[in-house]
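Visitor: this one's sequence-less:
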DNA sequence: ATGTGC
């Protein structure tokens, strides 16, 4: 990225002043190296986001930001309905409520070693992965609507998991305001037998070892102990969310001129929050959030069943479940004035700090866990919502390493088999139905996650708590 | 991300 237009206000924060059609400034987080390798498109895209009606404070890009559809992935923007604010399907993305949950196993790395291959085989057999993967659960129309309203609460009621899990999920497992009627028949049809499946792309289920602790008190409160294993599940709302995103992007692009909205980029299609279309999208998007929460809940159940076969005593308690592709209605205090805002986080994680009113009791004193999913074969990280005031970027942080290379570029550099063999040589088992998918997800196609985490920490977005190293990766 | 698409 050409940084000559930016003012560097700290080691990890860069500002683009409001100019032209921009309604607010744009802010990018990251060190000099991350900014240098960031695509110029990120700057162009957050500048365009800053032009949207009703945007508050600034348009933000996280340290892992890269080029996305309309909004950058790693983008955060908040809108005020009372100021003509909009909701944008592109600001949430296609994979609505994609997110990560982490299960604590209490199992030491040494205990796993003799069972590693068999555990990997069982996980791969029982947790469907890949493009178009289907599961054993088929939902009829009534069950589909109940799932879209109830999210993980519905899943627990159906026998997938425990009531205690719900306290460890954003919004206690179910987004309020979901409207199954706003979800098209086609979206529901696509989801009919996709519950409890990982999907493809960067989605995965990993068994990871806690290899480093940066903040012992927080790690202890989270139940993270060095040398023990956790399970990270990264997936979203599958075909349903994708269909909703596709349909509303089209509808918003067509409707925007009628609302008097001039789009700097057609991909930023949006509608006023206080419009029939805006409200209908929010209802459908919240239903997709519930679909993703239910999906991760069912996968949790399947994972526990596999682990129980090998480790009878392991209960696999849920640490937390966070979504990183959402638009959520939240209270914030931009400029010291308390306002209800619609915060779009696309490839960005909510990072509420200690004392935040919307945190579950378990995290009231610590702040919420923030999961930074690494690329296949590299480290992941657990951070905690930072306690600095005023909040940075509406209490948001990064979500992963972020791509350095396009999928197409990656395919020119690696073959799937070669990547699997290289990782096997380092003791990491990768199982995937797609050799091509593995090549696209090669570790070298992603940025260095350590520098992304350092930048988020230094910028005060979240604080480092623990580093995780992969042992088994079930890849979509 | 995706019943991946020229």
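Guide: Now that the structure is in, tell me what you want to look at. What you are looking at is a predicted structure, and each value in this text was computed from that prediction instead of being measured. Residues are numbered from 1 along each chain as shown, chains lettered A, B, ... in the order given.
Visitor: Given the longest strand anywhere in chain A, what are its sheet partners and their directions?
Guide: The longest strand of chain A (DSSP state E) is strand A:462-475. Next to strand A:462-475 in the sheet, as set by DSSP bridges, lie strand A:204-213 (antiparallel), strand A:380-385 (antiparallel), strand A:429-431 (parallel).
Visitor: Span of stretch A:103-116 from start to end?
Guide: 17 Å (C-alpha to C-alpha, to the nearest Å).
Visitor: That one: which residues count as buried?
Guide: A:103-107, A:109, A:112, A:116 (16 or more other C-beta atoms under 10 Å). Every C-beta, even on glycine, is put in place using the N, C-alpha and C of the backbone.
Visitor: Need the pLDDT of the residue of the stretch 1-150 of chain A found nearest DNA strand B.
Guide: With C-beta to the nearest atom of the strand, the shortest gap between the stretch 1-150 of chain A and DNA strand B falls at residue A:131, namely 2.6 Å. Here, the pLDDT recorded for residue A:131 equals 95.
Visitor: Okay, and which of the buried residues of stretch A:103-116 map to helices?
Guide: The helices, defined by DSSP state H, take in A:109, A:112, A:116 from these.
Visitor: Switch those over to TSV; also include pLDDT and distance to DNA strand B.
Guide: TSV is the format used below for these (pLDDT from 0 to 100; distance: C-beta to the nearest atom of the strand, whole Å):
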residue	pLDDT	distance to DNA strand B
A:109	97	27
A:112	97	26
A:116	97	25
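Visitor: just to revisit the earlier point, of all the buried residues of stretch A:103-116, which two lie farthest apart?
Guide: A:104 and A:116 (18.6 Å; C-beta to C-beta).
Visitor: For residue A:375, grab phi and psi.
Guide: Main-chain torsions, residue A:375, degrees, to the nearest 10: phi -80, psi 170.
Visitor: What residues does it make contact with?
Guide: A:202, A:400-401, A:441-443, A:445-446, A:449 (C-beta atoms under 8 Å, 6 or more residues apart in numbering).
Visitor: which among those residues gets closest to residue A:380?
Guide: Nearest to residue A:380 among the contacts of residue A:375, counting by C-beta to C-beta, is residue A:449 at 7.2 Å.
Visitor: So that closest one is in contact with residue A:371, correct?
Guide: No: contact criterion C-beta atoms under 8 Å: residue A:449 and residue A:371 do not qualify, at 11.9 Å.
Visitor: between those two, which one's more packed in?
Guide: residue A:371 (26 against 23; other C-beta atoms under 10 Å).
Visitor: confidence score at the more buried one?
Guide: We have a pLDDT of 98 for residue A:371.
Visitor: ok, how many other residues are close to the nearest residue to it once chain neighbours are set aside?
Guide: Leaving aside its chain neighbours, residue A:371 sits nearest to residue A:100 (4.0 Å; criterion: C-beta to C-beta, 6 or more residues apart in numbering). Burial of residue A:100 is recorded as 27 neighbouring residues (other C-beta under 10 Å).
Visitor: Which secondary structure element is home to residue A:100?
Guide: Using DSSP states H and E, residue A:100 sits within strand A:99-108.
Visitor: Next, the distance between the ends of stretch A:379-394.
Guide: 26 Å.
Visitor: wait, isn't the residue of the stretch 1-150 of chain A closest to DNA strand B in contact with residue A:436?
Guide: No: contact between residue A:131 and residue A:436 fails when scored by C-beta under 8 Å: they sit 9.9 Å apart.
Visitor: more neighbours, the two?
Guide: Counting neighbours by other C-beta under 10 Å for residue A:131 and for residue A:436 shows that residue A:436 has the greater number, 15 against 12.
Visitor: got the contact list for that one?
Guide: A:411, A:416.
Visitor: And what about it, helix, strand or coil?
Guide: Of the three states, residue A:436 takes helix according to DSSP: H, G, I helix; E, B strand; the rest coil.
Visitor: near DNA strand B, which residues of the stretch 351-476 of chain A?
Guide: A:434, A:436-437, A:476 (C-beta under 7 Å from any atom of the strand).
Visitor: Out of the ones in helices among the buried residues of stretch A:103-116, flag the one nearest to residue A:189.
Guide: Taking C-beta to C-beta as the measure, residue A:189 lies nearest residue A:116 of those, at 38.9 Å.
Visitor: Once you drop chain neighbours, what's closest to the most centrally placed residue in chain A?
Guide: Among the residues of chain A, the one closest to the centroid is residue A:324, at 2.7 Å (C-alpha atoms, centre = their mean). Leaving aside its sequence neighbours, residue A:324 sits nearest to residue A:399 (C-beta to C-beta, 6+ apart; 4.0 Å).
Visitor: circling back to that earlier point, how would you label the residue of the stretch 1-150 of chain A closest to DNA strand B: helix, strand or coil?
Guide: coil.
Visitor: follow-up on the earlier one: give me the subset of the contacts of residue A:375 lying in helices.
Guide: Per DSSP H, the contacts of residue A:375 map to helices at residue A:449.
Visitor: with the contacts of residue A:375 in mind, which one is nearest to DNA strand B?
Guide: Out of these, the member with the shortest distance to DNA strand B (by C-beta to the nearest atom of the strand) is residue A:202, at 2.7 Å.
Visitor: close enough to count as contact, the closest one and residue A:234?
Guide: Yes: in this structure, residue A:202 is within contact of residue A:234 by C-beta under 8 Å, at 7.1 Å.
Visitor: These two - which one has more neighbours?
Guide: Ranked by neighbour count (other C-beta under 10 Å), residue A:202 and residue A:234 place residue A:234 first, with 27 against 22.
Visitor: mind listing what the helix or strand that one falls within pairs with, with the direction of each?
Guide: In the assignment (DSSP H and E), residue A:234 maps to strand A:228-235. Sheet partners assigned to strand A:228-235 using DSSP bridges are listed as strand A:99-108 (antiparallel), strand A:204-213 (antiparallel).
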